[in-house]
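Participant: take this sequence and fold it.
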Amino acid sequence: MTDQLVKDNERIDDLQNGYYVIQDPDKFCFGMDAVLLSGFAKVKKGETALDLGTGTGIIPILLKTKTNGKHFTGLEIQKECADMAGRSVRYNHLEDDVEIVRGDIKEAADIFGAASFDVVTSNPPYMIGQHGLRNPDMPKAIARHEVLCNLEDVVSQASKVLKERGRFYMVHRPFRLAEIMNVLTKYRLEPKRMQLVYPYIDREPNMVLIEALKGGNSRVTVEPPLIVYKEPGVYTENILKIYDMI
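Facilitator: The predicted structure is shown next:
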């Protein structure tokens, strides 16, 4: 039964925690940013969570394994990605805990209704305009560049579907940090916690993890930096913990 869920051009990746995710190497595969976001986000007992632009469904599946949340939903616009994510859910027998919905981030509030979730997560496209090289393969381009939605689309819809005092978690690039803070506060999502991610201790940060509270007061905590590698190919202990490798 499980083998029938995987197509010839796909592979099954072991998440090292008893769960697996189906991926197509020719399409966009999940990266470290999604895994770090799943380690940064908090979903409490009885809470429901929505992942905007879920891609392979990696974040809802990881949050199911890492938190005590009640239910997890992934929203994905691309038909092939949504189908693959849905098959990953069935492969792991998580149908009662995780749901994949095909739809547009810009219509999230219409799809789910206002104030529907306690937590929203997103690993949105980072690049705008000519930032980086536009990938000619459309699934990868959509995942990396603001082709179908932009930062404001993600944040505004997150605010709409969040309950009052609900939490929004996002991973993004530090070079857009000023813009991110402005857009968050515009939609009543007050930044409360931030962590910069550095590839090496002596390099510039290349990711930022942010938690924002809907209707929160103005006060943000900057957590200790997260260093990925001790040396080339060797993860730090903190990264190994996030990957459930120790």
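
Participant: a helix runs through Ala212, doesn't it?
Facilitator: No - counting by DSSP: H, G, I helix; E, B strand; the rest coil, Ala212 is not part of a helix but strand.

Participant: so it makes contact with Arg167?
Facilitator: Yes - using C-beta atoms under 8 Å, Ala212 is in contact with Arg167, at 7.1 Å. In this view, the C-beta of every residue, glycine as well, is placed from N, C-alpha and C.

Participant: anything in contact with each of these two?
Facilitator: Contact criterion C-beta atoms under 8 Å, 6 or more residues apart in numbering; residues shared by Ala212 and Arg167: Lys192.

Participant: distance of Pro199 relative to Lys27?
Facilitator: 25 Å (C-beta to C-beta, to the nearest Å).

Participant: neighbour count: those two, which is higher?
Facilitator: It is Lys27, of Pro199 and Lys27, that has more neighbours when counted by other C-beta atoms under 10 Å, with 19 against 15.

Participant: the more buried one is in contact with Ala85, isn't it?
Facilitator: No - counting by C-beta under 8 Å, Lys27 stays clear of Ala85, with 11.5 Å between them.

Participant: any chance you could map the helices in this structure?
Facilitator: According to DSSP state H, the chain carries its helices in the segments 32-40, 58-66, 79-91, 108-112, 138-144, 151-161, 177-186, 237-242.

Participant: nearest to Asp118, of these?
Facilitator: helix 151-161 (10.3 Å; C-beta to C-beta).

Participant: what's the closest one packed up against?
Facilitator: strand 48-52, helix 108-112, strand 117-122, strand 162-172, helix 177-186, strand 189-198 (3 or more C-beta pairs under 8 Å, 6 or more residues apart in numbering; DSSP states H and E).

Participant: tell me which helix or strand in the chain has the weakest average pLDDT.
Facilitator: When each helix and strand of the chain is scored by mean pLDDT, DSSP states H and E, helix 138-144 comes last, with a mean of 49.

Participant: stretch 54-61: how far from the chain's middle?
Facilitator: 7 Å (C-alpha atoms, centre = their mean, to the nearest Å).

Participant: same thing with stretch 231-238?
Facilitator: Worked out by C-alpha atoms, centre = their mean, stretch 231-238 lies 22 Å from the chain centre.

Participant: pLDDT on stretch 26-41, on average?
Facilitator: Stretch 26-41 shows a mean pLDDT of 92.

Participant: can you give me the end-to-end span of it?
Facilitator: End-to-end distance for stretch 26-41: 29 Å, by C-alpha to C-alpha, to the nearest Å.

Participant: C-alpha coordinates for stretch 53-65, CSV please?
Facilitator: Provided in CSV are the C-alpha atoms of stretch 53-65 (Å, rounded to 0.1, in the frame of the first residue of the first chain):
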residue,chain,number,x,y,z
GLY,A,53,2.8,27.4,1.3
THR,A,54,3.6,24.0,2.7
GLY,A,55,5.3,22.5,-0.4
THR,A,56,6.2,18.9,0.5
GLY,A,57,4.2,19.1,3.7
ILE,A,58,7.4,18.9,5.7
ILE,A,59,6.6,21.5,8.3
PRO,A,60,3.2,20.1,9.4
ILE,A,61,4.7,16.6,9.6
LEU,A,62,7.6,17.8,11.6
LEU,A,63,5.4,19.9,13.9
LYS,A,64,3.3,16.8,14.5
THR,A,65,6.4,15.0,15.7
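
Participant: show me which positions of it end up buried.
Facilitator: Buried positions in stretch 53-65, judged by neighbour count with 16 or more other C-beta atoms under 10 Å: Gly53, Thr54, Gly55, Thr56, Gly57, Ile58, Ile59, Pro60, Ile61, Leu62, Leu63, Lys64.

Participant: possible to save these as TSV with pLDDT and distance to Thr236?
Facilitator: Listed next are these as TSV, based on pLDDT from 0 to 100; distance: C-beta to C-beta, whole Å:
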residue	pLDDT	distance to Thr236
Gly53	96	28
Thr54	96	27
Gly55	94	26
Thr56	93	25
Gly57	96	27
Ile58	96	21
Ile59	97	22
Pro60	98	26
Ile61	97	24
Leu62	96	19
Leu63	97	22
Lys64	96	25
